[in-house]
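Peer 1: model this:
(one chain, ligands or ions: 2)
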Amino acid sequence: MSQSAGSSAAVGEVSTTLARPRFGKVLVFGVGLIGGSFALALKAAADVDEVVGFGRSLASLRQALALGVIDRVGANAAQEAVDADLILLATPVGAMAEVLTRIAPSLGPQAIVTDAGSTKSDVVAVARAALGEQFARFVPAHPIAGAENSGAAAARQDLFAGRKLVLTPLPETSPTALARVRDAWALCGADVRELTPERHDQIFAAVSHLPHLLSFALVHDLAQRDERDLFFTYAASGFRDFTRIAASHPEMWRDICLANRDALLGELDSYRAELDRLRAALAAGDGARLEAVFDVARTARRAWADGVSGAATGSAGDSR
Ligand SMILES: NC(=O)C1=CN([C@@H]2O[C@H](COP(=O)(O)OP(=O)(O)OC[C@H]3O[C@@H](n4cnc5c(N)ncnc54)[C@H](O)[C@@H]3O)[C@@H](O)[C@H]2O)C=CC1
Ligand SMILES: O=C(O)C(=O)Cc1ccc(O)cc1
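Peer 2: Ligands and ions are numbered 1, 2, ... in the order given. Just a heads-up that it's a prediction; the model follows:
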């Protein structure tokens, strides 16, 4: 995809020295699965001077350093922001306001700020409030790639390869900043799309946030029972598929649910109504109704899986 820095043309070809895209000094706040994978992928594909990592725990930042995910552990975010070129927020969404407030006063004129949060309207609102006149260089983003695993040790250079990445630019977003962030994610291998923040949050309430809530709820319900060990002993692959995401990070999902509360409540109500209809059919012994519902769901699920497997976005059991 990208050429090595300084690659020279073969004899007889027009001599062109194609430099790798330059990203200068990159700060990553939250060097976990997503921030760490972004750092690895961008360093592999672009000319990055250094990646400086910030986080809550020195131990996990040291681990990220030892793994080569970051080049340096940052000590003073405000100072490091002065000459940073690209700043990625990859903390849980509830922590982003505090990070933005810390760096806002010292951002240099070259700095572009982006995020990887799973919700967008809330992140846009806190960025607008914290950055004020500098909000134009904030480019909201959400990689649709991940896993139930957390931390820098789970980071992978190819996490975003072939996966969708949604940008939710605003009318005031700087076209230059937007192009740079689009380029950065494309260099990480992502298939970059655009939505409005509101549309993004509606869609992801239905296809991501609700399924995680349901999975947590099912496992929680079973885990409260006296006979849980016996029940879990007999759980098979259907249970494994349905509940893989209940092993996801509780703090991250607390923040996502609260940030997208209205849309998630709407989806939860819709799902409860569906469950009520199924319950009524079951209580009435209405097998035809149950089978009709299962049939529509099976057809839709198979069509979706066939469609996405062609686009390399994962299949059932693929935890990416
Ligand atoms: N896990 C996934 O599959 C995906 C997650 N996301 C989003 O990406 C973001 C990061 O998620 P992951 O990388 O999975 O989480 P993670 O738990 O692997 O990493 C988050 C990192 O942020 C640090 N952190 C927490 N609070 C902080 C604070 N106040 N200041 C600085 N650092 C702080 C943690 O110590 C941790 O190193 C979240 O906003 C999440 O919604 C987006 C797409 C997929
Ligand atoms: O683990 C999984 O399958 C996921 O669904 C990962 C994921 C989690 C949060 C996101 O915002 C996007 C993707």
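Peer 1: rest of the way, CA atoms for contacts and neighbours
Peer 2: Noted.
Peer 1: which ones are touching Ala263?
Peer 2: For Ala263, the contacting residues are 201-202, 205, by CA atoms under 8 Å, 6 or more residues apart in numbering.
Peer 1: Please list which of the residues you listed are also close to ligand 2.
Peer 2: Residues of the contacts of Ala263 in contact with ligand 2 (CA under 6 Å from any ligand atom): none.
Peer 1: ok, which stretches of the protein are helices?
Peer 2: 33-45, 58-66, 77-81, 96-103, 121-131, 175-187, 197-204, 210-223, 228-233, 237-243, 250-259, 261-283, 287-310 (DSSP state H).
Peer 1: For the shortest one, list every residue counted as buried.
Peer 2: What that stands for is helix 77-81. 77-78, 80-81 (16 or more other CA atoms under 10 Å).
Peer 1: Filter the contacts of Ala263 down to the buried ones.
Peer 2: Applying 16+ other CA under 10 Å to the contacts of Ala263 flags 201-202, 205 as buried.
Peer 1: Redo those residues as CSV? Include pLDDT.
Peer 2: Below are those laid out as CSV (pLDDT from 0 to 100):
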residue, pLDDT
Asp201, 99
Gln202, 98
Ala205, 99
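Peer 1: Poorly predicted segments of the chain, please.
Peer 2: 1-18, 308-320 (pLDDT under 70).
Peer 1: Tell me how many other residues crowd Ser237.
Peer 2: Neighbours of Ser237 under the rule other CA atoms under 10 Å: 9.
Peer 1: circling back to that earlier point, from the buried ones among the contacts of Ala263, pick the one nearest Ala19.
Peer 2: Checking the buried ones among the contacts of Ala263 against Ala19 by CA to CA gives Asp201 as the nearest, at 37.6 Å.
Peer 1: What number of residues are in the vicinity of whichever residue of the stretch 201-320 of the chain sits closest to ligand 1?
Peer 2: Closest to ligand 1 within the stretch 201-320 of the chain is Met252: 5.7 Å, counting by CA to the nearest ligand atom. Met252 is flanked by 17 other residues according to other CA under 10 Å.
Peer 1: And for Arg277?
Peer 2: By other CA under 10 Å, the residues close to Arg277 number 15.
Peer 1: measure it to Val293 for me?
Peer 2: For Arg277, the distance to Val293 equals 10 Å [CA to CA, to the nearest Å].
Peer 1: again with His209
Peer 2: For His209, the distance to Val293 (CA to CA) stands at 23 Å.
Peer 1: Those two: who's more crowded?
Peer 2: When His209 and Val293 are compared on other CA under 10 Å, the one with more neighbours turns out to be His209, at 24 against 14.
Peer 1: So Ser150 versus Ala19, what's the distance?
Peer 2: Distance of Ser150 to Ala19, computed by CA to CA: 34 Å.
Peer 1: So between those two, which is more surrounded?
Peer 2: Ser150 (17 against 14).
Peer 1: my guess is that one contacts His249, does it?
Peer 2: Yes - Ser150 lies in contact with His249 (CA atoms under 8 Å); the separation is 6.8 Å.
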